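**Student:** sequence unknown, structure follows:
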């Protein structure tokens, strides 16, 4: 008996088996994958393997976006598995998307056997070389002895510090070799030590500035979501009564329905948020990185303000905008310390009155320039109205993903996100074709929740094949196509800045999305008149066993406003 | 301004390409880059000479630090440090000018390391200024070939081990 037990203990596993067992040890429950030649050993080991759910995607890019959507919605790392060569190169857009938005995913690619690397073998691509600039880190496993350790490190790097994608390249002979399986309890990488705690002296300096500011503004970004800092952010803003704006990536980090929330800032930010930034005397940047779509003309961005910047990544600090008080650390940790450092009310002499004045100024902007989503009865459907109805009919409780362009901006403007991790969008890279697979990833993680991809008729066609994945897996993702027969955002730029010369932006009335949904085995619904909008949304929300396309035929002339033309200061907004 | 940056990295394949990729990808300037093992075979030292405004250099240092394989980054500029470069210079040498070349070599405390029928190969170490000066003096004789290492450097205190 003892002999048998020892045999089991000393039993060697294949690389493919070590790979699967490592994922399980890491707490992975789902892998979004696509098989191929060199990863066959893994797929063979997956046959009848019960400890992981494998979702067969239809394109590797879709698989990586699904892992990304899963990661954004859950906060856990998403995992994707693909074959070598074209399988691997198809992951590049997905990796770059996750890299720009700091999303923890781990992508495993097959590779030709180590002996053939460099020989231009069939389906060989130097994926480690190709993805070096769009991953946080990547590995080529050359020896089965290193496999478990590298997988441990990959997950550790992906999820700690500023999160990001990690790629691990697995040569076929490593997958078929055998070795004893030992999964390390901890990753130890001496050259990688992220800073979590903020410097106490800096925190004190920041608090002095903030408490004495007359017109403070909080500008929170994706870092607040990544660090799960919503609770601290909300408490901090409320205790000090500081109005909050967020970036596209930060939506949901602060409750969208809170009176202190001013909406998103930047190119398509609200009038209130952009005016507040222009007039603030103390800007508190929290997990945000002063992206050009946020700042507009950078010299005029919060140019009257002292700037406090909290970020876990030192390279984000003073990259685009010089800041006065940088604090390197985890947003949630730093905010906890800052909340502790808030002085007692009695010590905030005269502050109440000053802040009241500031908030009343903010409210006036809001009152005079609020976003409008009214729908004239006999006019064509307005896309803004569709998003507003989606918001109302889902009671704001849906997980929303978007494609990229007008659909994305309208979703950001008109859906109010009260909770973090409910808005999934490709902010940094701006990847069309992101929304559907991301929605599928989120729906896999939360089968009972309503998940809606707010899409355009252009973007949706970039990964529409994933409808098949959703049908296979009985995932009831909803796809709301704001169908204006145009590449709307490009068309808008042509209208405003290129003399209405609509060069190659008209997509026409094809395809018939209702028929497409039907052909894949989903449900297709269409609304051509305002009165039909609610009807098809309600119908779609009832479906719980397959994907639904809602094809909203909207007015192609609608634009996204306010708009700050690229390179202009934020207060130079084009209003409707 | 010219900065000399000393970078300790883990001695693994692909590290050089991570660093050079960082510079090319973000549009930073590299004047020279030298790399070789340190006393610890697991660690290599890279000496990078880069030119840029303060803000850019600051970004370079932070971005280098961010790479998982980078153990330590140290900007030597602005403190006392040793810098050296080595050059091999193959220069035309005829019966008429050999003595003249040898006297230049002696002045610079360089060495003739190879003698051909029509050439001398000179080895010189020193900072760039010294090497440049030597090259200028040898140029009139006709330089046939030259190889330079680029700068290596080390702080006078033992800050980066």
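**Tutor:** Perfect, I can see it now. Fair warning: this is a prediction, and the values are worked out from it, not measured in the lab.
**Student:** Tell me where the model's unsure across the chain.
**Tutor:** By default, I'm working from chain A. Residue ranges of chain A with pLDDT under 70: A:1-10.
**Student:** You answered for a different chain; I wanted chain B.
**Tutor:** For chain B (pLDDT under 70), the answer is B:158-161.
**Student:** Which strand runs longest in it?
**Tutor:** If each strand of chain B is counted by residues according to DSSP state E, the longest one is strand B:81-92.
**Student:** Show me what it is packed up against.
**Tutor:** When contacts are defined as 3 or more CB pairs under 8 Å, 6 or more residues apart in numbering or on different chains; DSSP states H and E, strand B:81-92 packs onto strand B:119-126, helix B:128-138, strand B:143-148, strand B:152-155. Using the backbone N, CA and C atoms, a C-beta is placed for each residue, glycine as well.
**Student:** Could you list the paired strands of the last one along with their orientation?
**Tutor:** What it means is strand B:152-155. Using DSSP bridges, strand B:152-155 pairs in its sheet with strand B:81-92 (antiparallel).
**Student:** Report the buried residues of the partner strand.
**Tutor:** B:81, B:84, B:85, B:86, B:87, B:89, B:90, B:91, B:92 (16 or more other CB atoms under 10 Å in any protein chain shown).
**Student:** how many other residues sit next to the closest residue to residue B:88 other than its chain neighbours?
**Tutor:** Nearest residue to residue B:88, sequence neighbours excluded (CB to CB, 6 or more residues apart in numbering or on different chains): residue B:147, at 4.7 Å. Residue B:147: 10 surrounding residues under other CB atoms under 10 Å in any protein chain shown.
**Student:** hmm, back to that, and the helix or strand that the longest strand of chain B is followed by, what does it pack onto?
**Tutor:** Next helix or strand after strand B:81-92 toward the C-terminus (DSSP states H and E): helix B:98-107. Counting contacts by 3+ CB pairs under 8 Å, 6+ apart, helix B:98-107 packs against strand B:111-115, strand B:119-126, helix B:128-138.
**Student:** which one of the ones you listed lies closest to chain A?
**Tutor:** Closest of the helices and strands packed on helix B:98-107 to chain A is helix B:128-138, at 29.9 Å (criterion: CB to the nearest CB).
**Student:** What number of residues are in the vicinity of residue 77?
**Tutor:** In the absence of a named chain, chain A is used. 23.
**Student:** let's do chain B instead
**Tutor:** 15.
**Student:** just to revisit the earlier point, farthest pair within the buried residues of strand B:81-92?
**Tutor:** Farthest pair in these (CB to CB) is B:81 and B:92. Separation: 35.9 Å.
**Student:** hang on, the earlier thing: distance to residue A:400 added to the helices and strands packed on strand B:81-92, as JSON lines?
**Tutor:** Putting the helices and strands packed on strand B:81-92 into JSON lines (distance: least, CB to CB, whole Å) gives the following:
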{"stretch": "strand B:119-126", "distance to residue A:400": "64"}
{"stretch": "helix B:128-138", "distance to residue A:400": "58"}
{"stretch": "strand B:143-148", "distance to residue A:400": "58"}
{"stretch": "strand B:152-155", "distance to residue A:400": "53"}
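**Student:** Relative to residue A:545, which of the ones you listed is closest?
**Tutor:** So among those, strand B:152-155 is nearest, using CB to CB, at 66.9 Å.
**Student:** contact partners of the closest one?
**Tutor:** B:4, B:6, B:34, B:45, B:47, B:74, B:76, B:79-85, B:160 (CB atoms under 8 Å, 6 or more residues apart in numbering or on different chains).
**Student:** Stretch A:126-137 now?
**Tutor:** A:84, A:88-89, A:91-92, A:95-96, A:99, A:109, A:111, A:138-140, A:154, A:157-158, A:162-167, A:169, B:14, B:17-18, B:21, B:25, B:68.
**Student:** Now the element after the top helix by length along chain B, going C-ward?
**Tutor:** Across chain B, the longest stretch assigned as helix under DSSP state H is helix B:54-66. Scanning forward in sequence from helix B:54-66 by DSSP H and E, the next helix or strand is strand B:70-75.
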